[in-house]
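Student: What follows is a predicted structure for the sequence shown.
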Amino acid sequence: MGWVMASSVLFFIFGTKAYQILANKWIIGFNGWLELWSRWDADQYLRLAKFGYTGDSLWKAWLYPLYPWCIRFVAWIAGNYVVSALIVSGIALFFAAVLLRRLVSLDYREEIALRSVWFLLIFPTAYFLHVCYTESLFLALAIGSVLAARRGRWWLAGLLGALSWMTRANGIVLLPTLAVEAAHQFWATRRWNWRWLWIGVVPAGFAVYLLINWRISGAPFAFLASRNALFTIRASWPWIGLRGTIGVLQHWKPTDSEMIGAQELYFIILGFICAVAAWFRLRPVYAMWITGNWLLVTSASWLLSIPRYTLMMFPIFILFALLAQNRLWYSLITIWSLLFFGLFASLFVWGRWAF
């Protein structure tokens, strides 16, 4: 609890100072301060929370419903939608940190569990856990689902998995992830457990999303057309998008070459290395989660926001914690994380593209 609160307070103070320095502007009032944390996609989630799936915006068929519904519920009490979004994200981050610590503690000593939480909180794109985005809610639900499966509470794993898929598209990865955990438990005990069938509840979250698409557009898969119209992205082999990323790195202007080229490429490589390492060093359920998410986000004709998506691959922080048993690696990972956290967070509050 203390770590989460401290990281949140420090982030909001740092973001405020960074904006005033970089933008050379004073923040006007409380509403002006709140605007710093609702950049880019956040504005669409807030609109959805305020007005629901109405209007003719292409975004309405693209965004998943659980996060804006949570904002709307809290706003019924708090009144302000940005404040409500920050409350939802803050509470979800607290649960994500606690659940990650408990999950890692099932296999490793307390020191490794605490380090895993530490690396989650300082990851270069961890600022998305504090602002008006879905990341913290999704992480809390996904980690909770895996923890419930590890403890044999498969009904809860299925329910939290369904809620995960109501929050983000990569909730789909919980299907093979939970199936791998069930297979691992069967291999260890050589006994069938009918409770594994609760995995079948996970697609219920996607069914809600398809129903919403059908109600607002007349087609359950309208979100595919929305994706093409909004981002000109289609499903493709990972090397197709990777080739485009390398092209950006080589030919675009310096800012875009670094942010849309180099940084995207670095995190693609990081995710791949961690996916491979996880199959050798971690329990199969964790390896499946990283691998599934990596394949999902890289199997597109145009790769964008990979550093933010990598934040969802939470077993990476377990690998970091294991590697950080060496003091040199602990220092290197911490310094890298904090330096780029500061850089990316500054760009985000300034209103520049930061994944």
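Tutor: Received the coordinates, thanks. Numbers count the residues shown, from 1 in each chain.
Student: contacts, neighbours, all on C-alpha from now
Tutor: OK.
Student: Give the other helices and strands that the helix or strand encompassing residue 336 contacts.
Tutor: Element membership for residue 336 (DSSP states H and E) is helix 327-350. Here helix 327-350 touches helix 2-23, helix 110-122, helix 315-323, going by 3 or more CA pairs under 8 Å, 6 or more residues apart in numbering; DSSP states H and E.
Student: Please name every helix or strand in contact with the helix or strand bottoming out on mean pLDDT in the chain.
Tutor: When the helices and strands of the chain are scored by mean pLDDT, DSSP states H and E, helix 222-231 comes last with a mean of 75. Secondary-structure packing of helix 222-231 (3+ CA pairs under 8 Å, 6+ apart): helix 203-217.
Student: Any buried residues in the helix it packs on, and which?
Tutor: For helix 203-217, a neighbour-count test (16 or more other CA atoms under 10 Å) marks 203-206, 208-210, 212-214, 216-217 as buried.
Student: ok, now stretch 38-46?
Tutor: Buried residues in stretch 38-46 (16+ other CA under 10 Å): 38-40, 42-46.
Student: Now render the residues you listed as TSV, adding pLDDT, secondary structure and distance to residue 328.
Tutor: Output for the buried residues of stretch 38-46, formatted as TSV (pLDDT from 0 to 100; DSSP: H, G, I helix; E, B strand; the rest coil; distance: CA to CA, whole Å):
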residue	pLDDT	secondary structure	distance to residue 328
38	88	coil	37
39	88	coil	36
40	86	coil	37
42	90	helix	37
43	88	helix	41
44	88	helix	42
45	92	helix	41
46	92	helix	43
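Student: Distance to residue 147 for those - can I get that in JSON lines?
Tutor: Compiled in JSON lines, the buried residues of stretch 38-46 are given as follows (distance: CA to CA, whole Å):
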{"residue": "38", "distance to residue 147": "31"}
{"residue": "39", "distance to residue 147": "32"}
{"residue": "40", "distance to residue 147": "32"}
{"residue": "42", "distance to residue 147": "29"}
{"residue": "43", "distance to residue 147": "32"}
{"residue": "44", "distance to residue 147": "31"}
{"residue": "45", "distance to residue 147": "28"}
{"residue": "46", "distance to residue 147": "30"}
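Student: per-residue confidence for the closest residue in space to residue 166 that isn't next to it in sequence?
Tutor: Among residues not flanking residue 166 along the chain, residue 205 sits closest, at 4.6 Å (CA to CA, 6 or more residues apart in numbering). With respect to pLDDT, residue 205 has a value of 96.
Student: now, which of the buried residues of stretch 38-46 sits nearest residue 350?
Tutor: Closest to residue 350 out of the buried residues of stretch 38-46 is residue 39 (9.1 Å), distances taken as CA to CA.
Student: contacting residues for that closest one?
Tutor: For residue 39, the contact set (CA atoms under 8 Å, 6 or more residues apart in numbering) comprises 348-349, 351.
Student: let's go with 10 Å and repeat that
Tutor: 131-133, 348-354 (CA atoms under 10 Å, 6 or more residues apart in numbering).
Student: Can you flag the buried ones in the residues you listed?
Tutor: So, by 16+ other CA under 10 Å, the buried ones in those are 131-133, 348-351, 353-354.
Student: Do I have it right that residue 203 meets residue 174?
Tutor: Yes. Residue 203 is within contact range of residue 174, at 9.5 Å (criterion: CA atoms under 10 Å).
Student: which residues are common contacts for those two?
Tutor: With CA under 10 Å, 6+ apart as the test, residue 203 and residue 174 both reach 158, 161-162, 164-165.
Student: Show me the residues you listed that map onto helices.
Tutor: 158, 161-162, 164-165 (DSSP state H).
Student: could those residues be laid out in JSON lines, adding neighbour count, pLDDT and distance to residue 122?
Tutor: Listed next are those as JSON lines, based on neighbours: other CA atoms under 10 Å; pLDDT from 0 to 100; distance: CA to CA, whole Å:
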{"residue": "158", "neighbour count": "29", "pLDDT": "97", "distance to residue 122": "30"}
{"residue": "161", "neighbour count": "33", "pLDDT": "98", "distance to residue 122": "26"}
{"residue": "162", "neighbour count": "28", "pLDDT": "98", "distance to residue 122": "28"}
{"residue": "164", "neighbour count": "32", "pLDDT": "98", "distance to residue 122": "23"}
{"residue": "165", "neighbour count": "28", "pLDDT": "97", "distance to residue 122": "26"}
